[in-house]
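# have a look at this prediction, sequence included:
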Amino acid sequence: MSEAVLKAKPRNGRKAGPNDLSVPANFTVNLFFWLYTAACMLPLLLVIVVSFSDEQTVLVHGYSFLPDKWSLEAYKFMFTDWQQILRSFGISVFLATVGTALSLVMMALYAYPISRNDFPHKNFFAFFMFFTMLFNGGLVPWYLVYTQMLDLKNSLLSLMLPLMVSAFFVLLIRTFFANTIPMALIESAKIDGAGEVRIFAQIILPLSLPVLASVALFQVINYWNDWFLSLVFITGDKNVNLQFLMYKTMLNIQFLSSNTQAAQGAAQAGGLFKLPSETVRMAMAVLGIGPIVFAYPFFQKYFIKGLTVGAVKG
């Protein structure tokens, strides 16, 4: 037995086990993760501080955790057109919530049959889904399907459908169903007279919260961070999401900052001639990551358990 195990002290009145760490080893592990957490949190804190800093101070002295001058100009500039920001924010929230809920239902409905050994065509449909992970029809046919065949251009469905089903997540859910849900439980429910829909809704889904919560978290992030679909399918400003609105605003600021004639024209027309480009970048980042940071604790309970799906087969 190692020396670390011999030195380990019982915790909570129980006998020390073979996997218990000694006090120095436990301190080292905790110190490492505290430092790692600080390394992850400090850049986020710097982004927040810079977003409330004065633009000229940032340009002269660079980024700092304690700026010489605080300012709200970046947020004032960003919320000049607050109606559009509020609308785009609402679209992003709608896509992240409704899109995630629908995608979970669709992927779970596809994964459940191919997880059943008594489904005769499970291998065909599993291979069909896996095939889409390796090959696709290309960008142009993909665009034509949504714009001409389905006629979804400039609609919210065009921002929702392309991200609704992920082959990787379908196979992940299938693995959880096959390895975690006992077949005897399904057979006993059938003996009691339950149909497939009732078994799926009242037995399978409640027992699959870990994998569903993990997939939901990734889907929320996918819907929230997506800006490419708005770029491809939305031509006006009515149905653009928040990420694309910030992306377009940043491009406009870069153009005015690098084009002297455009900046002079904007100044002569009564526009802003001192654009807070650096601080606006950080303010946009704060606005973009805020809801995801607050959403993560709701999924944390099931997140780690869901990530270990298929790691150990029972």
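Done, it's in.
# can you give me the helices in the stretch 151-300 of the chain?
157-160, 167-180, 183-191, 196-199, 205-207, 209-225, 228-233, 242-258, 260-268, 277-307 (DSSP state H, counting those that start in this stretch).
# chain center to the fourth one, what's the gap?
Going back to what we said before, that points to helix 196-199. Offset of helix 196-199 from its chain centre (CA atoms, centre = their mean, to the nearest Å): 30 Å.
# so for it, mean pLDDT?
For helix 196-199, the mean pLDDT works out to 88.
# can you check the first one too?
Across helix 157-160, the average pLDDT comes to 91.
# helices or strands next to that helix in the packing?
Helices and strands touching helix 157-160, by 3 or more CB pairs under 8 Å, 6 or more residues apart in numbering; DSSP states H and E, are helix 228-233. C-beta here means a position set from N, CA and C on the backbone, and glycine is covered the same way.
# if we can go back for a sec, and residue 147, which of the helices of the stretch 151-300 of the chain is closest to it?
Minimum separation from residue 147 across the helices of the stretch 151-300 of the chain (CB to CB) falls at helix 228-233, 7.1 Å.
# which strands or helices does the closest one pack on?
helix 157-160, helix 242-258.
# closest one to residue 197 among those?
Using CB to CB, the helices and strands packed on helix 228-233 put helix 157-160 closest to residue 197, at 24.5 Å.
# quick check: buried residues in that closest one?
For helix 157-160, the neighbour count (16 or more other CB atoms under 10 Å) marks 158, 159, 160 as buried.
# nearest to residue 43 among those residues?
residue 159 (29.3 Å).
# for residue 185, see how far away the closest one is.
38 Å (CB to CB, to the nearest Å).
# how about the residue nearest the centre of the chain, nearest residue that isn't a chain neighbour?
With distances taken as CA atoms, centre = their mean, residue 221 lies nearest the centre of the chain, 1.3 Å away. Take residue 221 and drop its neighbours on the chain: the residue closest to it by CB to CB, 6 or more residues apart in numbering is residue 292, 6.2 Å away.
# OK, contacts around that neighbour?
By CB atoms under 8 Å, 6 or more residues apart in numbering, residue 292 lies in contact with 220, 221, 224.
# helices along the stretch 1-150 of the chain, start to end?
Counting by DSSP H, counting those that start in this stretch, the helices of the stretch 1-150 of the chain are 3-7, 23-51, 55-61, 73-78, 82-94, 100-114, 122-134, 139-144.
# now render the ones you listed as CSV, adding mean pLDDT.
Below are the helices of the stretch 1-150 of the chain laid out as CSV (pLDDT from 0 to 100):
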stretch, mean pLDDT
helix 3-7, 45
helix 23-51, 87
helix 55-61, 80
helix 73-78, 82
helix 82-94, 88
helix 100-114, 93
helix 122-134, 89
helix 139-144, 90
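# and residue 239, which of those is closest to it?
So among those, helix 82-94 is nearest, using CB to CB, at 6.4 Å.
# packing partners for that closest one?
Using 3+ CB pairs under 8 Å, 6+ apart, helix 82-94 is in contact with helix 242-258.
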